[in-house]
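Asker: Sequence and predicted structure below; questions after.
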Amino acid sequence: MTGFKEDPVLGTNDMIVNKEGSGTETGSSSRPPVVDKAREEGQSGRDMAGNSIHRSGSRPQLDLSKAAIQGNFEERDPTILLPNQSDDISHLALDIGGSLIKLVYFSRREDRSNNDKRTKTLQEKLGISNGSRRSFPVLGGRLHFVKFETAKINECLEFISSKQLHCGGVDVCNGLLGAAANNNAVIKATGGGAYKFADLFKERLGVSLDKEDEMDCLVAGANFLLKAIRHEAFTHMEGQKEFVQMDDNDLFPYLLVNIGSGVSMIKVDGDGKFERISGTNVGGGTYWGLGKLLTKCKSFDELLELSQRGDNRTIDMLVGDIYGGTDYNKIGLSASTIASSFGKAISDQKELEDYSPEDISLSLLRMISYNIGQIAYLNALRFGIKRIFFGGFFIRGHAYTMDTISFAVHFWSKGEMQAMFLRHEGFLGALGAFMSYEKHGLDDLMVHQLVERFPMGAPYTGGKIHGPPLGDLNEKISWMEKFVLKGTEITAPVPMAPSGTTGLGGFEVPSSKGATLRSDASALNIGVLHLEPTLEVFPLLADLKTYEPNTIDLSDHNELEYWFTVLSDHMPDLVDKAVASEGGTDDAKRRGDAFARAFSAHLARLMEEPAAYGKLGLANLLELREECLREFHFVDVYRSIKQRENEASLAVLPDLLMELDSMSEETRLLTLIEGVLAANIFDWGSRACVELYHKGTIIEIYRMSRNKMQRPWRVDDFDLFKERMLGSGDKKPPPHKRALLFVDNSGADIVLGMLPLARELLRRGTEVVLVANSLPALNDVTAMEVPEIVAEAAKHCDILRRAAEAGGLLVDAMITNSDGSKENSSPVPLIVVANGCGSPCIDLRQVSSELAAAAMEADLIILEGMGRSLHTNFNARFRCDALKLAMVKNQRLAEKLIQGNIYDCVCRYEPAN
Ligand SMILES: Nc1ncnc2c1ncn2[C@@H]1O[C@H](COP(=O)(O)OP(=O)(O)O)[C@@H](O)[C@H]1O
Ligand SMILES: CC(C)(COP(=O)(O)O)[C@@H](O)C(=O)NCCC(=O)O
Ligand SMILES: [Mn+2]
């Protein structure tokens, strides 16, 4: 038995109930410390961590002022124009096709390069300077994807004009970087419409369209997406979506099949190396055009929706119809195989009106999808290509279409070839046109420099939102309120999985009986692409290729359901705290309500289609929750709780340090590790823990937690770690040179757990880097808050004081020497770096450049807490010694991960090999 059980300890009556700890916040603190600064800075939109990394969507993404519904509000999918986005400069590229106009535009983020003291000292300490760092060819910003129907080109022109997208222009000398307002702008455009509508663009917007070759653009777009976007490509077979990670070095050759109005088939051998080897005129335009004539549908989506309720057997001639109900086994055709699409219409004495539009639509969809799949197979066969990527808006993220294409490829190639689809399916050409701007450096961007965010409005796109949803706060909330009805309609789960195959000839009817098709599933599946050129891969990962941050895979439906329930249950309490953290005003309540709606809508959306936003792990969900809070300007929900816990813990720190100093080295090391594990109990993200906090003061809970620390822990590598630290017998191993301590929670966790451990390392001559979040998440301590905590602690400890001074942390603090001891001439420094994240978890593929720089010299990393060492990175391997420390504060996780119980502890030590 390890850890402790909740009830025997906390059921006792003599516990003092800590009212403060029960979660009602008044914000009545007497100290005005760091956290308040964080608040001010956050509200003014500056980077709260004081560093140049910023992965968050905390800045408004879109200004909804003057947002207007075009046309009739009662219309099912009203077009909403959002004209006033405030991002500084935009750049635009177009792909004007036969059916749709695709826009890709870039909005630059303001320069966040930071010159605060901490960053400057840090750069000195780490031996990095702006001069020696890579100079980034591209500024941070966002890529937005928008589309319009070509027939409604006026809407498109109005959108461009209202957002002044055409005024960004391009500076011939400086490319995107130096672009300034320019009324004679040249816009890159591809597709036939670049020719057809050139005069219109000149006339209406005063811009010239610089025409780019359509095939060039398709290939450039596809290559960029396949190399730079994680979870771009996926397979879709019998309702199962699976993301495929492409290996950059093994991407070519592939066949690109773009299904737009017509179909192009392009053999791609490399960047700019391709040949259009085939195509077919039977494509998306055929389905839509013929479908419109035959069913009188008014929109493409309506037509597709009809197909979901159709049964093609009434109209297609099946093998069974010809063979009297039996299979044609000799050539492997089952009775249900379509022998001839629409073939039954020959013999039936029926008119068009006698067939249901649903059946016609399905028959047509199957005919065209299957045919394209078959032609693609034949062309891949011609050139010995195994991988086929399908793009174009005909696919429209529609499960049945993808399954039919996949089936055809799989069937005809006898499983040798694979059909894959792209999340940015219809935007290949527009993206390629965007990339053809010279010197924008986009093609240099790497997968770790791109963060895709799904804005708040994503699950609510009931109407066609022409712009990345949501921005200006007030407008954002009223939009949420206004469209929530439409939103729930859309959010209601629509089963899209098709039935199984017959194994031989094709699919039966789709099993989906959903009445509504998501009005814009294809737009939902792509987010806004944040370009963060300063993000880097954590250099100490042993193997980037096999690294998967998430321990829990939510593609397991039971897991998914469990964690969705956990997060949903946590919502009311979180909203209360969020509202209280902003003073409990009416405005805060409205925002709290909007947050709850938005996050619930995301949860519902993901429950319905877990892979909608790419591969889904628990870390993504926890981060999404923080992103949602930031979207509604909840800057730091746990601010006052963190502050109170910091104060309470700092008050008992001197006693703890004295106690530690009286111990032998060996006992001290054990006590320190125990201390970290025990103090990790202060986690406001865990329901069980939050219930505990009602039952005692912070210090009581900490003591109780420590008293219950019994070895062996459920995962207990302490002896191995001790041997590395203290050696065995007379052999004293050298100290580590530099340790990175990934800290977790505020209060006891950092003050009584991680800081004393840091102090021990410093005492042994190891440089210590405290790695903390860039942005608040739950009650996690942020990099911005750590220096003040260290400064307070340093008042009672010379080791910390000297190290913090050496690390430049005490530049502003008035520290008096508590023991008057002689100064160490060159103490090892204690440094704080921001990790680039605003989540309780950490994906080490995308961290701040300051963390990456700090990691270079490190030979020990300590990951602390459930989020950083269990939910993520539990299975991560490093090139240096690694210690993972956490208390498991969730029963189910304890059972699954370590076959233990809630409050069991993990001390996992993995030496560098
Ligand atoms: N909202 C829509 N309106 C019209 N067609 C759509 C829509 N959504 C998907 N489609 C399908 O996408 C096809 C156009 O795909 P796209 O890749 O944009 O090609 P193009 O460049 O030829 O317009 C249409 O022919 C139709 O089959
Ligand atoms: C959000 C957390 C990962 C934070 O834990 P920490 O990293 O602070 O140890 C954790 O509280 C958690 O997994 N909470 C949800 C599960 C629950 O309420 O039991
Ligand atoms: Mn935490």
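Answerer: Now that the structure is in, tell me what you want to look at. Please read all numbers here as calculations on a predicted model, not as lab measurements. Ligands and ions are numbered 1, 2, ... in the order given.

Asker: rest of the way, CA atoms for contacts and neighbours
Answerer: OK.

Asker: OK, contacts around Glu452?
Answerer: Contact partners of Glu452, counting by Cα atoms under 8 Å, 6 or more residues apart in numbering, are 527-530.

Asker: Tyr328 contacts Ser334, doesn't it?
Answerer: Yes: using Cα atoms under 8 Å, Tyr328 makes contact with Ser334 at a distance of 6.1 Å.

Asker: and the residue in the stretch 401-550 of the chain positioned nearest to ligand 1, which of the three is it?
Answerer: At 4.6 Å from ligand 1, Gly426 is the closest residue in the stretch 401-550 of the chain, using Cα to the nearest ligand atom. Classification of Gly426 by DSSP: H, G, I helix; E, B strand; the rest coil places it in helix.

Asker: Which other helices and strands does the helix ranked longest in the chain contact?
Answerer: If you go by DSSP state H, the chain has its longest helix at helix 357-383. If you count contacts as 3 or more Cα pairs under 8 Å, 6 or more residues apart in numbering; DSSP states H and E, helix 357-383 packs onto strand 254-259, strand 273-280, helix 284-295, helix 300-307, strand 387-391, helix 399-412.

Asker: Mind doing that once more with 7 Å?
Answerer: Using 3 or more Cα pairs under 7 Å, 6 or more residues apart in numbering; DSSP states H and E, the elements in contact with helix 357-383 are helix 284-295, helix 300-307, helix 399-412.

Asker: Most tightly packed of those?
Answerer: helix 399-412 (a mean of 24; mean count of other Cα atoms under 10 Å).

Asker: how about the strands of the stretch 151-300 of the chain, start to end?
Answerer: In the stretch 151-300 of the chain, the strands defined using DSSP state E, counting those that start in this stretch lie at 186-190, 208-211, 233-237, 240-244, 254-259, 263-270, 273-280.

Asker: Pull up the pairing partners for the last one, direction included.
Answerer: Strand pairing for strand 273-280, determined by DSSP bridges: strand 263-270 (antiparallel).

Asker: who's in contact with the strand it pairs with?
Answerer: Strand 263-270 has contacts (Cα atoms under 7 Å, 6 or more residues apart in numbering) with 252-258, 274-281, 283.

Asker: For PyMOL, write the selection for the buried entries among these.
Answerer: Here is the PyMOL command that selects the buried residues among the contacts of strand 263-270 (16 or more other Cα atoms under 10 Å):
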select buried, resi 252+253+254+255+256+257+258+274+279+283
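
Asker: Can you get me a residue count around whichever residue of the stretch 751-900 of the chain sits closest to ligand 3?
Answerer: Residue of the stretch 751-900 of the chain nearest ligand 3, by Cα to the ion: Asp780 (4.6 Å). Asp780 has 29 neighbouring residues, counting by other Cα atoms under 10 Å.

Asker: show me the residues around it that make contact.
Answerer: Neighbour list for Asp780: 744-746 [criterion: Cα under 7 Å, 6+ apart].

Asker: Please render those residues as JSON lines that adds distance to His398, pLDDT and neighbour count to the earlier fields.
Answerer: Formatted as JSON lines, the contacts of Asp780 follow (distance: Cα to Cα, whole Å; pLDDT from 0 to 100; neighbours: other Cα atoms under 10 Å):
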{"residue": "Asp744", "distance to His398": "41", "pLDDT": "98", "neighbour count": "31"}
{"residue": "Asn745", "distance to His398": "43", "pLDDT": "98", "neighbour count": "30"}
{"residue": "Ser746", "distance to His398": "45", "pLDDT": "98", "neighbour count": "30"}
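
Asker: Can I take it that Pro712 is in a strand?
Answerer: No: assessed by three-state DSSP, Pro712 does not belong to a strand; its assignment is coil.

Asker: Which residues are in contact with the residue lying closest to Thr782 once chain neighbours are set aside?
Answerer: Nearest residue to Thr782 in three dimensions, chain neighbours excluded: Asn773, at 4.6 Å (Cα to Cα, 6 or more residues apart in numbering). Taking Cα under 7 Å, 6+ apart, we find Asn773 in contact with 781-783, 834-838.

Asker: Quick one: end-to-end length of stretch 831-849, please.
Answerer: The straight-line separation of the ends of stretch 831-849 (Cα to Cα, to the nearest Å) is 15 Å.

Asker: picking that back up, who has more neighbours out of Tyr328 and Ser334?
Answerer: Ser334 (22 against 15).

Asker: Get me the contact residues on the stretch 701-850 of the chain for ligand 2.
Answerer: The stretch 701-850 of the chain comes close to ligand 2 at residues 744-745, 840, as judged by Cα under 6 Å from any ligand atom.

Asker: Going along the chain, name the helices of the stretch 501-650 of the chain.
Answerer: With DSSP state H, counting those that start in this stretch, the ranges of helices along the stretch 501-650 of the chain come out as 521-524, 557-581, 586-608, 618-631, 639-661.

Asker: Deepest-packed of those helices, please.
Answerer: It is helix 618-631: most buried of these by mean count of other Cα under 10 Å, with a mean of 23.

Asker: Show me what that one is packed up against.
Answerer: Helix 618-631 packs on helix 586-608, going by 3+ Cα pairs under 7 Å, 6+ apart.

Asker: how big is the angle separating the helix it packs on from helix 557-581?
Answerer: Helix 586-608 and helix 557-581 meet at an angle of 170 degrees, taking axes from the mean of the first three to the mean of the last three Cα atoms, to 10 degrees as the criterion.

Asker: Run a quick check on Lys241 versus Ala233, I expect a contact.
Answerer: No: contact criterion Cα atoms under 7 Å: Lys241 and Ala233 do not qualify, at 10.0 Å.

Asker: helix, strand or coil for the residue lying farthest from the centre of the chain?
Answerer: In the chain, Gln349 marks the outermost C-alpha relative to the chain mean, sitting 55.4 Å out by Cα atoms, centre = their mean. Judged by three-state DSSP, the three-state class of Gln349 is coil.

Asker: Any figure for the gap between it and ligand 2?
Answerer: Distance of Gln349 to ligand 2, computed by Cα to the nearest ligand atom, to the nearest Å: 63 Å.

Asker: Check Glu627 too.
Answerer: Distance, Glu627 to ligand 2, using Cα to the nearest ligand atom: 14 Å.
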